[in-house]
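**Q** For reference, the sequence and a predicted model appear below.
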Protein chains: 2
Amino acid sequence: MREKKNTHIRREEIVRAALDVIGERGVHGLTIAEIAGRAGMSDANIYRHFRGKQEILAALGSFIGSQVLGRATRIAAGKKTALARLGAIFRAHVALLAATPGLPRFIFSEELHLGDPRLAAVIAGTMARYIETLGDIVADGCRNGEFSSDISPRETAILLLGMIQFAALRWSISRGAFSLEAEAERLWVNFRRLLVARAARRGLKNRKEGV
Amino acid sequence: MREKKNTHIRREEIVRAALDVIGERGVHGLTIAEIAGRAGMSDANIYRHFRGKQEILAALGSFIGSQVLGRATRIAAGKKTALARLGAIFRAHVALLAATPGLPRFIFSEELHLGDPRLAAVIAGTMARYIETLGDIVADGCRNGEFSSDISPRETAILLLGMIQFAALRWSISRGAFSLEAEAERLWVNFRRLLVARAARRGLKNRKEGV
DNA sequence: CTGTTATGTGAATAAACATTCACATGGCGG
DNA sequence: CCGCCATGTGAATGTTTATTCACATAACAG
């Protein structure tokens, strides 16, 4: 018989395996057999650590949330200019998506959009906090004069995330036909122009990003 | 026995029924039985008009593409200002999404992202043309001085679509907890500010939208 | 060292679903 | 009016998959 590990470790192995499976086969292809095979255990053993598929998805939702939010809040708390922090979060997010295809797939998935409402509520909450984090940075920039003060922080944050997300969507549909990072960079340059132009008019020092 | 209709009519009925089903149950819930029930025919009869599920999805992809692109190109060809045309397409798109939940669900679906590559190629092409259409309007605006000429038309078009798409995603995950139209309007106002501010600096006449 | 318990497994069960088949019939060309 | 064929149907069929069960054993407490 295989080595026995405690349930804390097994749960993490299962969640990571699930994220891998989703990246390759989608949430629809997330079968117990696939997870078990990839995590190196039998199908039945999955049920020793989770009540069922739903609970695995719930754990995955929390895992993803902490990953994404963790990176962003760390960067947000830094001492760089608002623009530099936005850029850092933007690039970190794009890199995470490119390295973890299971992540956007989970976010887009019907299991999330049509399945258990509690899971959806958790993810919606995570997204709201993410938007808020970015919005706070934008507001910072408005306050210190980096950006024009008549733009809306929240909506500008959504603009930024929307760009990333739409790029990821097209990247996925086109089967990776272009470089996500390169596309994101083009989008960032344009976004930055739109954002700083208004401030520039007031004689700002920050013209370059300083990343 | 039921009334007999020719296959041209049946195909359209089936495609529309499929779009309805996707809106309610997702692409994963798009079963032959559901389509047949909703279109008022037996399961087996579906196969008189389509080779299988894949072919239904392919037909649906074309249908959606023509719907979305049709509206946009009509508006794009109008005589309004660039800003007004962008706003009209933006609002029309938002209204379409709100009225047709199957549309975003199809675009996000794993069937599209991981299934038949030919279907994905068709949709990717449609999106590219949509972006191009919007980009042409932006370029128009740059040429006639409505917008600053150093913004990038294509990337600005993507910005606009990304906003819509991200709003639709959050709307779907939050189970319609907010008004998509109201949220879109806030986003549009902010986008417009970012866009026209740069031009304003050059003494432009178009400060208001004129829709 | 020994018994208990958490951990592990192969095999069975049951449900959902796409597709096929043999058979029926409406509607149109002649 | 008649016969043909596109259209229509209920009943299989075969596959995939989540979940359960009875049984095994590693790891740890005492």
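**A** Structure's in. What do you need? It should be emphasised that the depicted structure is a prediction, and the values quoted were computed from it without experimental measurement. Numbers count the residues shown, from 1 in each chain, chains lettered A, B, ... in the order given.

**Q** Does stretch A:19-39 reach DNA strand D?
**A** Yes. Using C-beta under 7 Å from any atom of the strand, a contact is recorded between stretch A:19-39 and DNA strand D, made by A:29-33. Quick note: C-beta positions are derived from backbone N, CA and C, even for glycine.

**Q** Quick check: buried residues in that stretch?
**A** A:19-23, A:25-28, A:30, A:32, A:34-36, A:38-39 (16 or more other C-beta atoms under 10 Å in any protein chain shown).

**Q** correct me, but A:Ser149 touches A:Ala139?
**A** No. Look at A:Ser149 against A:Ala139 with C-beta atoms under 8 Å: they stay out of range, at 9.3 Å.

**Q** Those two: which is more packed in?
**A** Neighbours per residue, other C-beta atoms under 10 Å in any protein chain shown: of A:Ser149 and A:Ala139, the larger number sits with A:Ala139, 20 against 15.

**Q** How about the contacts made by that one?
**A** Counting by C-beta atoms under 8 Å, 6 or more residues apart in numbering or on different chains, A:Ala139 makes contact with A:Pro153.

**Q** which stretch of helix or strand covers the most centrally placed residue in chain A?
**A** When chain A is reduced to its mean C-alpha position, the nearest residue by C-alpha atoms, centre = their mean turns out to be A:Val68, at 4.8 Å. Here A:Val68, judged by DSSP states H and E, is contained in helix A:53-76.

**Q** Same check on A:Val27?
**A** For A:Val27, there is no host helix or strand (DSSP H and E).

**Q** Tell me who's in contact with the residue nearest to the centre of chain A.
**A** Taking C-beta under 8 Å, 6+ apart as the contact definition, A:Val68 lies against A:93, A:96, A:103, A:126, A:130.

**Q** who wins for neighbours among these?
**A** Among the contacts of A:Val68, the one with the most neighbours (other C-beta under 10 Å) is A:His93, at 23 neighbours.

**Q** Out of the buried residues of stretch A:19-39, which comes closest to DNA strand D?
**A** Each of the buried residues of stretch A:19-39 was scored against DNA strand D by C-beta to the nearest atom of the strand, and A:Ile32 proved nearest at 3.7 Å.

**Q** And that closest one, what's its pLDDT?
**A** At A:Ile32, the model reports a pLDDT of 98.

**Q** isn't it right next to A:Lys53, touching?
**A** Yes. Assessed by C-beta under 8 Å, A:Ile32 is found in contact with A:Lys53 at 6.8 Å.

**Q** ok, now how distant is the closest residue to DNA strand C within chain A from A:Val27?
**A** The minimum distance from chain A to DNA strand C, using C-beta to the nearest atom of the strand, falls at A:Ala44 (2.8 Å). To A:Val27, A:Ala44 is 22 Å away according to C-beta to C-beta, to the nearest Å.

**Q** what comes up buried for the helix ranked longest in chain A?
**A** Across chain A, the longest stretch assigned as helix under DSSP state H is helix A:117-143. Buried residues in helix A:117-143, defined by neighbour count with 16+ other C-beta under 10 Å: A:119-120, A:122-124, A:126-127, A:130-131, A:133-142.

**Q** correct me, but A:Arg10 touches A:His49?
**A** Yes. Taking contacts as C-beta under 8 Å, A:Arg10 lies within contact range of A:His49: 4.7 Å.

**Q** of the two, who's got more company?
**A** Relative neighbour count places A:His49 above the other of A:Arg10 and A:His49, with 22 against 18, counting by other C-beta under 10 Å.

**Q** For that one, list the residues it contacts.
**A** Taking C-beta under 8 Å, 6+ apart as the definition of contact, the neighbours of A:His49 are A:7, A:10-11, A:14.

**Q** Please report how far the residue lying closest to A:Leu86 once chain neighbours are set aside lies from DNA strand D.
**A** Leaving aside its chain neighbours, A:Leu86 sits nearest to A:Ile137 (5.7 Å; criterion: C-beta to C-beta, 6 or more residues apart in numbering or on different chains). In this structure, A:Ile137 and DNA strand D are separated by 40 Å, where distance is defined by C-beta to the nearest atom of the strand, to the nearest Å.

**Q** A:Ile137 contacts A:Arg85, correct?
**A** Yes. Counting by C-beta under 8 Å, A:Ile137 touches A:Arg85, with 5.2 Å between them.

**Q** can you list residues touching both of the two?
**A** By the contact definition C-beta under 8 Å, 6+ apart, A:Ile137 and A:Arg85 are jointly contacted by A:Ala76.

**Q** what about A:Leu30, which SS state?
**A** What DSSP: H, G, I helix; E, B strand; the rest coil gives for A:Leu30 is coil.

**Q** Return the residues in contact with it.
**A** Remark: with contacts taken as C-beta under 8 Å, 6+ apart, A:Leu30 is in contact with A:18, A:21-22, A:53.

**Q** And A:Gly78, by the same measure?
**A** With contacts taken as C-beta under 8 Å, 6+ apart, A:Gly78 has the following neighbours: A:85, A:88.

**Q** Which of the helices or strands spans it?
**A** When secondary structure is defined by DSSP H and E, A:Gly78 falls outside every helix and strand.

**Q** mind checking pLDDT for it?
**A** For A:Gly78, the model assigns a pLDDT of 97.

**Q** measure it to A:Arg38 for me?
**A** Note on A:Gly78: its distance to A:Arg38, by C-beta to C-beta, is 36 Å.

**Q** ok, which residues in chain A are in contact with DNA strand C?
**A** Checking chain A against DNA strand C by C-beta under 7 Å from any atom of the strand, the hits are A:1-7, A:10, A:41-45, A:48-49.
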